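> just the structure for this:
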Amino acid sequence: HVRSRRQRQMCISDRGSISGRQVCMLLYEQGVLDMNADDSKYQSLASGSMGAYEFMSYVISNKIITVGQLALKPCSGSAVVTNPDNGDVLALVSYPSYDNNKLSGTVDAKYYSSLVNDNASPLLNRATQSFIAPGSTYKPCTIIAGIDSGIISSSTTFNCSGVFDKVTPSPRCWQKWGHGSETPVTAIRDSCNVYMYNVGYNLACSKNGSYNSTYGTNILKKYSDMLGLSTKTGIEIEEGTPGASSQNAIASAIGQGNHRYSTLNLARYVTTLATSGTCYNLTLIDKITDYDGNVIMENHAEVNNQVELSSDIWNTIHTGMNLAVGTYSAFLPLKMPIAAKTGTAQERTTDPDHATLISYAPYDNPQYCMAVRIQNGYASGNAVTLGSEIYKMLFNIDNDSEDDIHQVILTEGTGFTIYNDGKRRENNSQHICLAFTVTDVDMEFERLKKLGVQIAEFPTLRPWGAKNMYFNDPDGNSIVFRSFPIEHN
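All right, here's what the predicted structure looks like:
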């Protein structure tokens, strides 16, 4: 509500309505935002030089107002990072969160009430207590179950035509025209639904030849438990109870059905995969000391179980997850070997899909394992982008958006740029980069693919806001196509 007659008179137009720009001004006038802050845009709004859309984009992009405060979708996410060498949890993050200081000692009642009534549910630890289906991150488990139970081998092929026609109604692959012939490795790489449908179906028929969904889901649950996915992680703070799917073996094989896992469960699972079978009871505690810093107790994660599988099975999983990274464009600029698997899961048709990622790096000698989830995150690529930023921090990889060239492109909307990247070819001439701004880089990507052009980097959202792809001309120069988000009034 507007708090004074002066404000009502200022904000209500002659027609008796309030414009979007004036509503934005109310955020300052009612004290939600500081009118005198360095980043204040109040005067720009008042003068009309800044519109409502531009203002909202500015305050959200610069985290002056968070998506958590607005309870937008997506407005929440979580990430867990583990050390595969010892089972330590290195990071456990839930967003949105809250200020612990206001809930320590004397509780700020007004603040606590605001948290309880917040539509974004900041009191919920989404890393440990929020449970949704894993989507395609479950597919490595399906392949393990299929090979170890003898239903398939590491060389078994199924043809993906885009539809699985052994049952009615016939579920489809996400690739509507199909993937063609797939093996376990390529099925993980391509996230082929039809391959996994075949495995789930055959598991359900493996008792006596007749389809028995419960028999199939029980086998999948056995391996989910072994890999530490569908059992509690052992962490020292409160965690909910996960559950493997008990319905529809075919859908369960692609991570749908009624699977329910937290981000922490996924982190334990990918740690087991990365270590070729070491399933830890995860821990947050390194040691306990007294007030003076004297160590009372050293602590370390204990191994819950060792998953004994053939090296052939582990190699299949590792190779498939490593090849999958070649399809995740946000990882390509990191220029390091990574293993990963993404997933999207639909909970309600009225809401965006959830976006999930499991990953470990470096691929050949894992130092970190990671699980990321963005609830209602639309597409798994968004989880990969977040995972890429986490890897940049973990491995201290510089962000490449601060140089003069990219700042000019960003601020001036440059349509064509020529620059060199400092490299020299064998003839000592400098390496030239030609960058073109196009309307839709994804459309250009499809066009160039049809022409047979070898793309060096698929369309990738870059830190400065552009989506880039590049390829090399016959002389070795880089040709970059980029596009920017289209702003709407």
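
> contacting residues for the most centrally placed residue in the chain?
Residue closest to the mean C-alpha point of the chain, counted by C-alpha atoms, centre = their mean, is Ala383 at 1.4 Å. Neighbour list for Ala383: 342, 355-357, 372-374, 377 [criterion: C-beta atoms under 8 Å, 6 or more residues apart in numbering]. Backbone N, C-alpha and C define where each C-beta goes, glycine included.

> including neighbour count and secondary structure, could the residues you listed go into TSV?
Formatted as TSV, the contacts of Ala383 follow (neighbours: other C-beta atoms under 10 Å; DSSP: H, G, I helix; E, B strand; the rest coil):
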residue	neighbour count	secondary structure
Thr342	25	strand
Ala355	27	strand
Thr356	29	strand
Leu357	32	strand
Val372	31	strand
Arg373	30	strand
Ile374	26	strand
Gly377	24	coil
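
> just the element for the closest residue to Val167 other than its chain neighbours, please.
Nearest residue to Val167, sequence neighbours excluded (C-beta to C-beta, 6 or more residues apart in numbering): Ile250, at 6.5 Å. Secondary structure from DSSP states H and E places Ile250 in helix 249-252.

> now do that helix: which elements does it pack against?
helix 193-205, helix 213-226 (3 or more C-beta pairs under 8 Å, 6 or more residues apart in numbering; DSSP states H and E).

> among these, which comes closest to Pro84?
Closest to Pro84 of the helices and strands packed on helix 249-252 is helix 213-226 (C-beta to C-beta; 17.1 Å).

> how distant is the closest one from the center of its chain?
26 Å (C-alpha atoms, centre = their mean, to the nearest Å).

> which residues touch it?
Residues from elsewhere that reach helix 213-226, judged by C-beta under 8 Å, 6+ apart: 141-142, 144-145, 148-149, 200-201, 203-207, 230-231, 244-250, 252-253, 257, 279, 305, 307.

> which helices and strands does the very next helix or strand once past the helix holding Ile250 pack with?
Scanning forward in sequence from helix 249-252 by DSSP H and E, the next helix or strand is helix 263-274. Applying 3+ C-beta pairs under 8 Å, 6+ apart, we find helix 263-274 packed against strand 76-82, strand 278-281, helix 311-324, strand 354-361, strand 368-375.

> can you pull out the low-pLDDT segments for the protein?
Scanning the chain for pLDDT under 70 picks out 1-16, 399-433, 461-466, 473-477, 484-489.

> one step back: mind putting the helices and strands packed on helix 263-274 into JSON lines with distance to Trp177?
Formatted as JSON lines, the helices and strands packed on helix 263-274 follow (distance: least, C-beta to C-beta, whole Å):
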{"stretch": "strand 76-82", "distance to Trp177": "32"}
{"stretch": "strand 278-281", "distance to Trp177": "39"}
{"stretch": "helix 311-324", "distance to Trp177": "20"}
{"stretch": "strand 354-361", "distance to Trp177": "24"}
{"stretch": "strand 368-375", "distance to Trp177": "28"}
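
> indicate which one of these is closest to Ala330.
strand 354-361 (9.9 Å).

> quick check: angle from that closest one to helix 263-274?
Using axes from the mean of the first three to the mean of the last three C-alpha atoms, to 10 degrees, the inter-axis angle of strand 354-361 relative to helix 263-274 is 40 degrees.

> CA atoms of strand 354-361 as CSV?
Output in CSV follows, covering the C-alpha atoms of strand 354-361 (Å, rounded to 0.1, in the frame of the first residue of the first chain):
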residue,chain,number,x,y,z
HIS,A,354,13.4,-29.4,-13.0
ALA,A,355,17.0,-29.2,-14.2
THR,A,356,19.7,-31.5,-12.8
LEU,A,357,23.3,-32.3,-13.2
ILE,A,358,25.8,-34.9,-11.8
SER,A,359,29.4,-34.5,-12.6
TYR,A,360,33.0,-35.2,-11.6
ALA,A,361,36.3,-33.7,-12.7
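
> that one pairs with which strands?
strand 339-345 (antiparallel), strand 368-375 (antiparallel) (DSSP bridges).

> so what touches the last one?
Applying C-beta under 8 Å, 6+ apart, the contact partners of strand 368-375 are 74, 76-84, 90, 126, 130, 132, 263-264, 266-267, 269-271, 274, 354-361, 382-383, 386-387, 390-391, 394.

> go ahead and build a ChimeraX selection from the buried members of the residues you listed.
To isolate the buried members of those in ChimeraX, using 16 or more other C-beta atoms under 10 Å:
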select :74,76,77,78,79,80,81,82,83,84,126,130,132,263,264,266,267,269,270,271,274,354,355,356,357,358,359,360,361,382,383,386,387,390,391
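
> any idea how far Cys192 lies from Ser181?
In this view, Cys192 and Ser181 are 10 Å apart by C-beta to C-beta, to the nearest Å.

> mind listing the shared neighbours of those two?
With C-beta under 8 Å, 6+ apart as the test, Cys192 and Ser181 both reach Cys160.

> and the two? Which one has more around it.
Cys192 (26 against 11; other C-beta atoms under 10 Å).

> next one: phi and psi at that one?
The phi and psi torsions at Cys192 (degrees, to the nearest 10) take the values phi -70, psi 120.

> how about the contacts made by it?
Neighbours of Cys192 in contact, by C-beta under 8 Å, 6+ apart: 160, 173, 175, 179, 182, 186.

> can you get me the start-to-end distance on stretch 238-249?
Using C-alpha to C-alpha, to the nearest Å, one end of stretch 238-249 lies 30 Å from the other.

> which of the residues in that stretch are buried?
Those would be 239-240, 242-246, 248-249, for stretch 238-249 by 16+ other C-beta under 10 Å.

> secondary structure and distance to Gly105 added to the residues you listed, as CSV?
Formatted as CSV, the buried residues of stretch 238-249 follow (DSSP: H, G, I helix; E, B strand; the rest coil; distance: C-beta to C-beta, whole Å):
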residue, secondary structure, distance to Gly105
Glu239, coil, 26
Gly240, coil, 28
Pro242, coil, 34
Gly243, strand, 37
Ala244, coil, 42
Ser245, coil, 44
Ser246, coil, 45
Asn248, coil, 50
Ala249, helix, 52
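
> ok so, going back, pretty sure the residue nearest to the centre of the chain sits in a helix.
Yes - under DSSP: H, G, I helix; E, B strand; the rest coil, Ala383 sits within a helix.

> how far does stretch 290-306 sit from the chain's center?
31 Å.

> repeat for stretch 74-87
11 Å.

> kindly report the same for stretch 364-379.
6 Å.

> thank you kindly, that will do.
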